[in-house]
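[1] need a 3D model of the following:
(chains A and B)
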Amino acid sequence: MTVQSIFDEMSGHDGQCRDAYRVLQDWLKSVPPQLLDHRREEAELFFRKVGITFAVYGNSEAEERLIPFDIIPRVLSGREWAHLARGLEQRVKALNMFLKDIYGPRHILRAGIVPPELVYLNPYYRPQMHGLSLNSDIYVQVAGIDVVRVDDRDFYVLEDNLRTPSGVSYMLENREVMMRLFPELVGMQRIRPIENYVDELLGTLKSVAPVSSPFEPTVVLLTPGSLNSAYYEHSFLADRMGVELVEGRDLFVRDEVVYMRTTEGPKRVDVIYSRIDDDFLDPLVFRPDSALGVSGLITAYRAGNVAIANAPGTGVADDKAMYSYVPDIVRFYMGEEPILKNVPTWRCREKEALSYVVDNLHELVVKEVNGSGGYGMLVGPHATAEMREHFKARVLASPDSYIAQPTLALSTSPVFTRAGLAPRHVDLRPFVLTGSNGVKLVPGGLTRVALTEGSLVVNSSQGGGTKDTWVLSE
Amino acid sequence: MLSRDADSLYWLSRYVERAENTARILDVAYRMASMPISYNGVNSNEWESALISAGGVEQFRAIHGEVTPENVIEFLAFSDANTSSIQSCFETARQNARSVRSALTSEMWEAINSAWLDLRRLKAQRIRVEDLPRFLNLVKEASLRYDGSAMRTMLRNDAYWFSRLGLYIERADNTARVLDVKYHVLLPQDAEVGGGIDYYQWAAILRSVSALVSYQWVYHQNLRPWLVADLLILREEMPRSLAACYGALSRHLGDIAHRYGTSGAAQRQARSAHARLSNRTIQDIFQHGLHEFLQEFIADNNRLGLAITNQYLG
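    Numbers count the residues shown, from 1 in each chain, chains lettered A, B, ... in the order given. Okay, the predicted model is just below:
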């Protein structure tokens, strides 16, 4: 894992343009920088006009912000993608089998592969899911798997997002903007399309409808409301799928059946694509103070009258403590070696690991097990001594809540800045759909980029940006 | 469709329409106030009339006290405290639009969103009284653009009809208010007095509902107060008249009933109000009392709004 120089997606380790980037690089050399600057402004105007914004929590000043968009695409060759896609399919299949097992016979616990307390004491473990039989045994219909790399050989999974992964609307809109702004560049090579994502999503959701539902099941997208940070995405997806965008107050349950309130009276709902946390789904079962959910929803779900995607309780498989067991989980269920690697992880819950972590904070990234969005993490090499001391105290106070990883030399990709092209660290979040019709992937995903020089944090809530991701056809 | 979405669309259109109406009212006040005093009447205060037409006089007094052009413009155009100010209307409209984005076409959303962005910028600049016409034009154009995009891009289904209902309920209310504030200058005994002064008042009423030129095309004669009232109350061909609004309301409620296969109180109320307007003459209304007629109309219009809410939007 130790790498001398940082790997660049365009120019590798040695400054030689990599094959997939050749057309892009030639084109970049041929256009004047003013043109790029002009197009960048146009892109921003487009995002502003369409209202593609996100809200930042705890920041009322700038309630709606644009996610910065970088106009230089990130390019993957067909071969790179094929390898990545195989790995993603394998991983998500295994995670679905793991969830079925955890909420069923628990073979994996008895085999001693995963410590039981990591399941039972996990805040995302939902005993209500026990013994339920789901359509096609699918728990995670929509997964967003964050991958990074440090060289041109391997992808490392950084994080599995199995609850309500977001960002796919940016993936789609970024492509839309690139096609509008750079038709000449887009036309110079064969880029695999991604616009069928929404169709595949709808198909996936319909495929997991309860067996009792009609031939054309009614799908809705459940959002926490317009103040949620991902609200734009919720409305975007609902609109493109042609399904109702509902809030908890639009739904009600009668005789264990879910209905929505429409201008024509109650209408039965068969599949809920939920974009709210489990905790808020049903105040009768989870948080009683939730105003976002629907009373009786879980009863209807348990009665098999409605499907919820993703299923409640999937968070048990995507927290950062469980993460370090995923390679074992893949081996256990699939009987094969994992195609995608994990980043080596120290579990602070283990004694030797803890003492290693507190002694080496200056070169590690420490993450809260249940944190997300780049909150509650320490990037050791970039932190002050004072911040490290502070974090050390927190880790020692509750070691179970933390894991640590080496600070990876994440690959960089060129971005457009006032001073010309400059390398910035990137990751990639491909989206994996799983329905009773199988696993579907659209080629690419959301490339997130840390816009500050040297920064490793790509989260949009922490000032990261995005760029279009091209998978070339072979 | 979702009741909440229908409700948002209904109110979205109401607020855009309200912003445009307030802009027209301010426009007329600005024109009248800039005329020499002998033309706009000895005791008339155009800025005060503007306040009464737009509603919210009491709140205005509580906040600003004195009626000055600057205060009225601030209150009707920019005030956050006034929920019907142009600025507030677009704030609310955009909130509604955001919560119902999937029911809007992208053209409609862009119309609302860019108007909202423009207004925010203007508010930050603090415009002066003499910039008012330019500002009001911007508001009218935003409303036209929204309305035009709705007409040209929306599917003709319940979402479209609910947005139309909001527009016509709001428009009928506005026309009735504009008339009611000035009803005294339309009465026959006032018509004899002063001549020239009243002429400008009648013209102002027509202008505030953009009907000055239409008047000439319909009647081919000089301004007559009863004809001004006739045009704005009974003429179906005049798009802002009460009769035209109710024609559209009963038609679109009919569309909804037809699509849903069932009708209710809202359809009955709209139909009978429309029939009452079709069967009356302006002489009849003047005999009954113009002010009384308008007051009743405003109350009935509110009742219809309530019936629509109860039947579909709750």
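
[2] tell me the domain boundaries of chain A?
    If the domains of chain A are taken from automatic domain parsing, they occupy A:211-305, A:345-407, with pieces of a single domain joined by a plus sign.

[3] do you know which of those lies nearest residue A:328?
    When these are ranked by proximity to residue A:328, the top entry is domain A:345-407, at 12.1 Å, counting by CB to CB. Heads up, the C-betas are built off the backbone N, CA and C, glycines and all.

[4] quick one: mean pLDDT over that closest one.
    Along domain A:345-407, the predicted confidence averages to a pLDDT of 87.

[5] any idea how far apart the tips of that domain sit?
    Across its full length, domain A:345-407 reaches 11 Å end to end, with CA to CA, to the nearest Å as the criterion.

[6] below-threshold pLDDT in chain A: ranges please.
    For chain A, the stretches flagged by pLDDT under 70 are A:1-4, A:51-64, A:371-375, A:461.

[7] give me the neighbour count for residue A:103.
    Counted by other CB atoms under 10 Å in any protein chain shown, the residues lying close to residue A:103 total 25.

[8] swap in residue B:184?
    Applying other CB under 10 Å, we find 12 other residues in the vicinity of residue B:184.

[9] give the buried residues for the strand or helix carrying it.
    Using DSSP states H and E, residue B:184 sits within helix B:183-186. When burial is assessed from 16 or more other CB atoms under 10 Å in any protein chain shown, helix B:183-186 yields the following buried residues: B:183, B:185-186.

[10] equivalent analysis for stretch A:12-31, please.
    A:12, A:18, A:20-21, A:24-25, A:28.

[11] can you tell me which of those are in helices?
    Using DSSP state H to define helices, the subset of those located there is A:24-25, A:28.

[12] endpoints of stretch A:301-314, how far apart?
    Using CA to CA, the end-to-end distance of stretch A:301-314 comes to 15 Å.

[13] closest one of the buried residues of helix B:183-186 to residue A:299?
    When the buried residues of helix B:183-186 are compared for distance to residue A:299 (CB to CB), residue B:183 comes out closest, at 59.9 Å.

[14] tell me the pLDDT at the closest one?
    Reported pLDDT for residue B:183: 80.

[15] my read: it touches residue B:293, true?
    No: taking CB atoms under 8 Å as the definition, residue B:183 is not a contact partner of residue B:293, at 9.1 Å.

[16] tell me, how many neighbours does the closest residue in space to residue A:86 that isn't next to it in sequence end up with?
    The spatially closest residue to residue A:86, leaving aside those adjacent along the chain, is residue A:339, at 5.5 Å (CB to CB, 6 or more residues apart in numbering or on different chains). By the other CB under 10 Å criterion, the neighbourhood of residue A:339 contains 18 residues.

[17] residues contacting residue 311?
    In the absence of a named chain, chain A is used. By CB atoms under 8 Å, 6 or more residues apart in numbering or on different chains, the contact set of residue A:311 is A:99, A:129, A:134, A:138-140.

[18] meant chain B actually
    Contacts here follow CB under 8 Å, 6+ apart; on that basis residue B:311 touches B:264-266.

[19] want to try TSV for those residues, with secondary structure and pLDDT as columns?
    Below are the contacts of residue B:311 laid out as TSV (DSSP: H, G, I helix; E, B strand; the rest coil; pLDDT from 0 to 100):
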residue	secondary structure	pLDDT
B:264	coil	95
B:265	helix	96
B:266	helix	97
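
[20] which of those residues are buried?
    When neighbours are counted using 16+ other CB under 10 Å, those contain these buried positions: B:264, B:266.

[21] just give me the closest of the contacts of residue B:311 to residue A:215.
    Among the contacts of residue B:311, and counting by CB to CB, the member closest to residue A:215 is residue B:264, at 31.6 Å.

[22] and the residue nearest to that closest one when sequence neighbours are not counted, how far from residue B:155?
    Once its chain neighbours are removed from consideration, residue B:264 has its nearest residue in residue B:311; the separation is 5.0 Å (CB to CB, 6+ apart). The gap separating residue B:311 from residue B:155 is 22 Å, by CB to CB, to the nearest Å.

[23] now stretch A:247-257, how far from the centre of its chain.
    When distances are taken as CA atoms, centre = their mean, to the nearest Å, stretch A:247-257 is centred 28 Å away from the chain's centroid.

[24] nope, stretch A:173-191 is what I was after
    24 Å.

[25] quick one: end-to-end length of it, please.
    Stretch A:173-191: ends 15 Å apart by CA to CA.

[26] sheet partners, orientation included, of whichever strand or helix holds residue A:220?
    The secondary structure element spanning residue A:220 is strand A:219-222 (assigned by DSSP H and E). The strands beside strand A:219-222 in its sheet (DSSP bridges) come out as strand A:244-246 (parallel), strand A:271-274 (parallel).

[27] any part of the next helix or strand after it near chain B?
    Secondary structure here is assigned by DSSP H and E; on that basis, the next helix or strand after strand A:219-222 toward the C-terminus is helix A:231-241. Yes: residues of helix A:231-241 are located near chain B by CB under 8 Å from any CB of the partner chain, namely A:231, A:235-236, A:238-239.

[28] just the C-alphas of helix A:231-241, formatted as CSV.
    Coordinates of the C-alpha atoms in helix A:231-241 are reproduced here as CSV (Å, rounded to 0.1, in the frame of the first residue of the first chain):
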residue,chain,number,x,y,z
TYR,A,231,-34.3,17.0,-1.8
TYR,A,232,-33.3,18.0,-5.3
GLU,A,233,-32.3,14.4,-6.0
HIS,A,234,-35.5,13.1,-4.6
SER,A,235,-37.7,15.3,-6.8
PHE,A,236,-35.4,14.6,-9.8
LEU,A,237,-35.7,10.9,-9.5
ALA,A,238,-39.5,10.9,-8.8
ASP,A,239,-40.0,13.1,-11.8
ARG,A,240,-37.9,11.0,-14.2
MET,A,241,-39.5,7.8,-13.0
